[in-house]
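Student: Would you be able to build a 3D model of this:
(chains A and B)
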Amino acid sequence: METKIGCYICTGCGIGEALKVQSLEKIATKEQKIPVVKNHPFLCGDEGVALIRKDMESEGVNALVIVGCSHRVKSESFRLGTALMDRVDIRDKCLWVLDVPEGDKTAAEDRQMMAEDYVRLGCVKVKKMNDPKPFEATTPFSKDVLVVGAGIAGLTAALEVARTGYKVLLVEKEETLGGKVANMHKVSPARPPYNKLEDNPLPKLLAEVKGNSNIRIMNSTVVQKTVGAPGLFDVTLKNGSSTAQERVGSIIIATGYTAYDPNKLEKHLGYGSSPDVITSLEFEEMAKAGKIVRKSDGKPAKRVAFSLCAGQRDSSHLSYCSGACCVYSLKQALYVIENQPDASAYLIYQEVRTPGQMEDFYRKVQNEGGIFIKGDVKQVAANTTGLTLDVDDKLLRQNIKMDVDLLVLATGMETTVDTVDPNSASPVGTQVEELPGSVLNLHYRQGPGLPSLNGPFPDSHFICFPYETRRTGIYVAGPARRPMGIAATRTDAAGAALKAIQVVESVARGAAVHPRAGDLSYPSFREEGCTQCKRCTEECPFGAINEDAKGNPLFNPTRCRRCGTCMGACPQKIISFANYSVDMIGSMLKEVEIPEADEEKPRILVFACENDAIPALDMVGRSRTNPLSPYIRIIPLRCMGSMNLVWIADAMSKGYDGILLMGCRHGTDYQCHNVRGSALAEIRLSKVSETLTRLQLEADRVKMVEVNIMDAETLPQVINNFVAEIKELDPNPYKEF
Amino acid sequence: MADGQAAGQTILVVGGGISGLTTAVEAAEVGYNVLLVEKSPHFGGRVTQHNKYFPKLCSPTCGLEINYQRIKNNPRIRLMTLAEVEEISGSAGAYTARIRQSPRFVSQKCTACGECAKACQTEVANPYNFGLNKVKAIRHDHFMAFPSHYYMDPDFARTDEAKKLATICPVGAIEPDMQAVVIEEKVGSVVWATGWKPYDAEKIMPYGFGRFANVTTNMRFERMADRFGPTGGQIIRPSDGKEAKNIAFIQCAGSRDHNYLPFCSRICCLASMKQATYVRNAYPDAQVTIYYIDLRALDRYESFQKMVEGDQGVRWIKSKPARIDEDPKTGNPIVVGENTLTGVRYEEPYDLVVLATGMEPNSATSARVPMPDAHYDEYGFVVSAGGLFASGCSSQPNDVSGSVQSSTASALRAIQTVVHAKG
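Tutor: Numbers count the residues shown, from 1 in each chain, chains lettered A, B, ... in the order given. The predicted model follows:
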């Protein structure tokens, strides 16, 4: 279908008074050859919207350049059923950020020039847009969910998925299901009143899982390898010597945790020196068997000490806290003392961490006579009457000796997920048929595991979006994701189940998932132009692109999050999206009018990340306190990762005097929505000086800054200082050409 | 399977903070219809009042903005602000909710141009900043407010000035005569995400909040640290506006205490550690003291605690202070108690004392679930049952990550109820 563009200019909110609207219309009509150009005093109102709708119905307008305010406001008014649309912001980021004193003709002229340039940018952008067609694969998409691991997390996730009406394949490497919880005697309270031990939920859960016809269970089975992408995962499962291939839509990893190896602990904690020094899990098995005894001689254990944080919060062992051990140890203390007046439980702690209503459970153990000692176990000696502990009691401020029957060490949790250091260069996938220790053995260009953020946790935005990993369609639930207890694990598994269902539904629609949820565009490339440089396959923050034997990229659109990092990485400029391309941005920046050098009106191109920098700029406009230089021209980018260096060369050749790039914070505490986008842009830019030298231009003309979404107060200074620095330089000599 | 849903298959989400927003977008992106109801004029809830999140020290606006974009792109989500659910009848899969929407006095026509606020002469104590500054009677709460439409205080709407403002609005969006609207909606399931409010510090008599100007609370301090907050981000003494450089944080102020809030609110230790970084960044010569019972930086937050512990300018005293006095000459609060680790009594003056007060679930007071068989625990947290699911801080004290976790789970369970009702 032929594209027919309509350009609609709002003259409300002071636009009509401040700007020569006729000139804007003339640019759209004469210069940009837009067939339908109209203005309206209140475009977002019913009448204004009706005007656009009428043209769409009767004039065949199917692509829109809406000139007025920021796309972040009035979005409900301009939801007009076409994807071919640009909101050209001449209010928030033009009128409202410029200081134009009454009667100042130069300032008014500068403002007019800015608005006219933005109209040009919008028209070119829409001209360069194609309607994205949802991705369809050559084989059918699966909506089934693979759950790896049938402990409490996996069983819960499987049941939650199945209850929502989807098929589940539940894979467990052991012969029996249930994982660590199978060995639990009781569990700590998950519902009010929070002071009673609850029965092990596993038997009921197992019965429900086994009775659900949507769930297929494969025990004694491991994932040998995983090939494909969301909707199209082909998983090879190995049971003994036989293998089978299954097609699934998404994957939940629920492989749980490994208890920290107590043999690695310091000798003074006594593990290995006496059979009466045991771990929490060993104690739990004893309780489940109904006999809390000294392992050394089988006599009843009436005096039990619990050493919390054994090998945790400790840089020599696990630097983090496992979150659940305090509550877990309280539970075990109750096994010892509840209704047993002659028994004692000593809890030797650094901090008692019982958040929320678990405080009630802590009080319960206090009321039952649990003895809490803030301190550390310094020495353990075994003798004929049991163990003697040397404890440094920090509240009594002295060393005390305690005779106990058992010492239980609360060791921490380590994830079972194989992770990849995100800051290392992307490893070339060593694709092997089988990789022991790898949960999925992903046959991905960037390796078989899941990238981690900071430490061993396989996630990407753990505050706001804790389920997001950097491998689309693969979610991690329970202590495999982050240390947690049973109650939190069950909630976590339900959340992961939602994400697993959401991705298969999105894939079926051809739509992206977080953060560009619903986006139908995806990258395509012109194969004959590829030089096999592998930058796209290495740099994709989500490992979406594989490689063929020659080094050509193999795109997996359903793994793609549409950030455009591949497009930014490509030196051949052959990767593009239907509605976002190197050519689009390149054409836009060339459309800006660059004044002659002697006019002394420099032009500064600002590439702004639309996730954080653009809202921050809107906020500068709304606050209307710190004006910006009228010489800037802002072009929003999907993510700084999509910034292609050719734009820098193009802009310099065109005659821009400087280029400012505004991306998100990167590094350990990155804020980039696409994890690596802004970091990669910075790396790319470090090579820009070559380009500038070749053009015989100063390296200072291009600068990248980190912009936080709340930087509205400091942003004007950052921008205006850069403009001032550029003004110190001679005008770009390429203006003359 | 999600297509062609009848009205009764809509999921009602009550509360538009981080929890409710999460439930709404996560359910809608699976393909279900959501009605998201928020009591205040804007979405975002409690987290918008936070300057930064621990442990990344990043702005809450960043994650909210992603969610707002997701909402704007998703026609399955219907939004209502200034709306409260008055009654829910029926049963799981077939509820009827009666919703009252209070007048905003500014219609959808509003373009957020700000001309009305510029012209408005009447100023009121700013509830968004706990009354710490004045604000126009017609406004939006902050620059990132979503939706961006302005609103007017009901008392002001009755004034002549409001009528005059209506005439200056360029698009005629101001309607001082706007009336409340009551609607009934058929919904399949209900997610309760009404969040929390800071515990009333005045109830903790020995700490003198309300009597001593330089005793404040963690939430007020959070507003003070915000560059767009009541002091423009200056950390100062409320009594005299002087720089506050010697600051004490008192953990568990009213929390873990049967006289006040018996439970632990989970976030306050980390919040104070975070606020300690605000102080230390603002004034390199500042001294921060944290009085604590237990430091609860659970699981991966441990590294944040270690980071703050590495700062020599932060002192840690294991103690629950007995009381706070005030030096009448200087206005300095004096913290009195005994150091649990040394046994030594202390009486220490500070420029400012921040009480780390806990979370009180709104469902305990102002946001009860208007359903006959709704269950609560003894503190007023909602217990999920039938087609009602508690999310975020309506279910237990949670940090943001935990709220998102529980809200994503609630989205799934709400969908299940709808699926089963459909049969």
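Student: Give me the below-cutoff pLDDT ranges for chain A.
Tutor: Applying pLDDT under 70 to chain A picks out residues A:421-430.
Student: Which neighbours in the sheet does the longest strand along it have, and how are they oriented?
Tutor: When chain A is parsed with DSSP state E, its longest strand is strand A:371-383. Looking at strand A:371-383 with DSSP bridges, its partner strands are strand A:344-349 (parallel), strand A:386-393 (antiparallel).
Student: Let's have the ones you listed in JSON lines, adding distance to residue B:296.
Tutor: All C-beta spots, glycine's among them, are computed from the backbone N, C-alpha and C. Converted to JSON lines, the strands paired with strand A:371-383 look like this (distance: least, Cβ to Cβ, whole Å):
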{"stretch": "strand A:344-349", "distance to residue B:296": "12"}
{"stretch": "strand A:386-393", "distance to residue B:296": "21"}
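Student: I'd like those strands as TSV, with mean neighbour count appended.
Tutor: Converted to TSV, the strands paired with strand A:371-383 look like this (neighbours: other Cβ atoms under 10 Å in any protein chain shown):
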stretch	mean neighbour count
strand A:344-349	23
strand A:386-393	19
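Student: ok, now which ones touch whatever residue of the stretch 351-500 of chain A ends up closest to chain B?
Tutor: Closest to chain B within the stretch 351-500 of chain A is residue A:464: 3.0 Å, counting by Cβ to the nearest Cβ. Residues near residue A:464 by Cβ atoms under 8 Å, 6 or more residues apart in numbering or on different chains: B:18, B:62-63, B:66, B:400-401, B:404.
Student: Excluding sequence neighbours, find me the nearest residue to residue B:108.
Tutor: Excluding its sequence neighbours, the residue lying closest to residue B:108 (Cβ to Cβ, 6 or more residues apart in numbering or on different chains) is residue B:149, at 6.9 Å.
Student: Phi, psi for the spatially closest residue to residue B:245 that is not a sequence neighbour please.
Tutor: Spatial nearest neighbour of residue B:245, excluding adjacent residues (Cβ to Cβ, 6+ apart): residue B:286 at 4.3 Å. Backbone torsions for residue B:286, taken as degrees, to the nearest 10, come to phi -80, psi 160.
Student: any idea of the mean pLDDT in the longest helix along chain B?
Tutor: As assigned by DSSP state H, the longest helix anywhere in chain B is helix B:400-422. For helix B:400-422, the mean per-residue pLDDT is 96.
Student: just checking, what packs against it?
Tutor: helix A:152-163, helix A:486-509, strand B:11-14, helix B:18-30, strand B:189-192, strand B:388-390 (3 or more Cβ pairs under 8 Å, 6 or more residues apart in numbering or on different chains; DSSP states H and E).
Student: Identify the residue spatially nearest to residue A:678, adjacent ones excluded.
Tutor: residue A:663 is the one closest to residue A:678 (Cβ to Cβ, 6+ apart), at 3.4 Å.
Student: Let me fix that, I meant to ask about residue B:179.
Tutor: residue B:103 (5.9 Å).
Student: what about the residue nearest to residue B:108, neighbour count?
Tutor: As a burial measure, residue B:149 scores 21 neighbours (other Cβ atoms under 10 Å in any protein chain shown).
Student: got the contact list for the closest residue to residue A:536 other than its chain neighbours?
Tutor: Once flanking residues are discounted, residue A:536 sits nearest to residue A:566: 3.8 Å by Cβ to Cβ, 6+ apart. With contact set as Cβ under 8 Å, 6+ apart, residue A:566 has these partners: A:523, A:536, A:539-540, A:544-545, A:553, A:575.
Student: Quickly find the element holding residue A:566.
Tutor: If you go by DSSP states H and E, residue A:566 is part of helix A:565-569.
Student: buried residues in that helix?
Tutor: Residues of helix A:565-569 classed as buried by neighbour count (16 or more other Cβ atoms under 10 Å in any protein chain shown): A:565-569.
Student: Residue B:378: which of those is nearest?
Tutor: Nearest to residue B:378 out of the buried residues of helix A:565-569 is residue A:565 (Cβ to Cβ; 50.8 Å).
Student: contacting residues around that closest one?
Tutor: So residue A:565 contacts A:536, A:539-541, A:639, A:641-642, A:674, A:676-677, A:680 (Cβ under 8 Å, 6+ apart).
Student: Adding secondary structure, neighbour count and distance to residue A:184, write the residues you listed out as TSV.
Tutor: What follows is the contacts of residue A:565, written out as TSV (DSSP: H, G, I helix; E, B strand; the rest coil; neighbours: other Cβ atoms under 10 Å in any protein chain shown; distance: Cβ to Cβ, whole Å):
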residue	secondary structure	neighbour count	distance to residue A:184
A:536	helix	26	48
A:539	helix	23	45
A:540	coil	31	42
A:541	coil	25	39
A:639	coil	30	45
A:641	helix	30	45
A:642	helix	28	49
A:674	coil	29	40
A:676	coil	26	40
A:677	helix	29	44
A:680	helix	27	46
